[in-house]
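[1] sequence isn't available, so here's the structure alone:
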């Protein structure tokens, strides 16, 4: 295991003779390494390397900090890709990690000359429990991820809304930009979106709008389960989760990236 200087941890299981795919896993707020490892194990060791990043609450509450963190993460990934050991990138993001992914996309596009390889190497996207919607809904999401006590959650949501109001030009302005980045400017590659009506952070219309937007210009699989909760879909629906992931990886295995020039052919063992 190699620890990064910022927020990423890279698990390299090297097989120099065979190019593997690099999974960039962007965790949910407060995720423990043991909880994230349940998802890392979904990817066969002989076909994938895993780079796991743990976004922080500061990355969300102060977008400028998030943008700096995202830039550092991109640089780490760039360094890994320059070794020439990987054929493509798979993004697997959860909750606030989906927002962090938008920050990465924004920075990669802003610094296109430096990070164009990152964008063109992405061959699949998995979005688990994305939080998209109004600032009120995002404030509720932050309070829900921070505490399970109703009184504290209500107080924290109110505090977040006051904070957003006072810092609108530094926060809300950027949230709107990042949501647009996520919805309309993400790579047009095979994708999977997962949500649940039992997730208090789900905004059904916003999620459906995201799916409709993505479905119009890329292969998309999506599920909205009735029985599940925030970032708990693997626990509630393990077989279907694995089946959907296997399908999107299979759909993307023949997806040719501009930078690789060749298809990355794999047979999923999920």
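    Noted; the coordinates are in hand. Owing to the predicted nature of the structure, the values given are computational and were not obtained by experimental measurement.
[2] which stretches of the stretch 51-200 of the chain have low pLDDT?
    Within the stretch 51-200 of the chain, the ranges that satisfy pLDDT under 70 run 133-148, 152, 163, 166, 168, 170.
[3] rerun that using 80 as the cut-off
    132-175, 200 (pLDDT under 80).
[4] how close does residue 30 sit to residue 43?
    Relative to residue 43, residue 30 is positioned 23 Å away (Cβ to Cβ, to the nearest Å). From N, CA and C alone the C-beta is placed, and that goes for glycine too.
[5] same question, residue 208
    To residue 43, residue 208 is 29 Å away according to Cβ to Cβ.
[6] repeat that for residue 56.
    The value you get for residue 56 to residue 43, if Cβ to Cβ is used, is 24 Å.
[7] show me the contacts for residue 126.
    By Cβ atoms under 8 Å, 6 or more residues apart in numbering, residue 126 lies in contact with 90, 91, 92, 93, 191, 192, 194, 245, 248.
[8] list buried residues within those.
    When burial is judged by neighbour count using 16 or more other Cβ atoms under 10 Å, the buried members of these are 90, 91, 92, 93, 191, 192, 194, 245, 248.
[9] picking up where we left off before, more crowded one of residue 208 and residue 43?
    More neighbours surround residue 43 than the other of residue 208 and residue 43, with 23 against 14 (other Cβ atoms under 10 Å).
[10] kindly state the beta-bridge partners for the closest residue in space to the more buried one that isn't next to it in sequence.
    For residue 43, ignoring the flanking residues on the chain, the nearest one in space by Cβ to Cβ, 6 or more residues apart in numbering is residue 23 at 5.5 Å. When bridges are called by DSSP bridges, residue 23 pairs up with residue 50, residue 90.
[11] pretty sure residue 23 sits against residue 90.
    Yes: with contact defined as Cβ atoms under 8 Å, residue 23 reaches residue 90; the gap is 4.7 Å.
[12] give me the common contacts of these two.
    Common contacts of residue 23 and residue 90 (Cβ under 8 Å, 6+ apart): 43, 48.
[13] which strands and helices lie in contact with the helix or strand that contains residue 75?
    Per DSSP states H and E: residue 75 is located in helix 63-81. In terms of contacts (3 or more Cβ pairs under 8 Å, 6 or more residues apart in numbering; DSSP states H and E), helix 63-81 is packed against strand 8-11, strand 20-26, strand 48-53, helix 57-61, strand 86-94, helix 96-110, helix 112-121, helix 172-184.
[14] nearest approach to residue 131 belongs to which of these?
    helix 96-110 (6.8 Å; Cβ to Cβ).
[15] the closest one vs helix 172-184, what angle?
    Interaxial angle of helix 96-110 relative to helix 172-184 (axes from the mean of the first three to the mean of the last three Cα atoms, to 10 degrees): 90 degrees.
[16] hmm, who's touching helix 96-110?
    Counting by Cβ under 8 Å, 6+ apart, 25-29, 53, 55, 59-60, 63, 66-67, 69-71, 73-74, 91, 93, 115-116, 118-119, 127-132, 141, 145, 177-179, 181-182, 185-186 sit against helix 96-110.
[17] closest to residue 157 out of the buried ones among the contacts of residue 126?
    residue 93 (23.4 Å).
[18] measure stretch 167-175 end to end?
    By Cα to Cα, to the nearest Å, the extent of stretch 167-175 from end to end equals 12 Å.
[19] flag every buried residue along it.
    Residues 171, 172, 174, 175 are the ones in stretch 167-175 that count as buried (16+ other Cβ under 10 Å).
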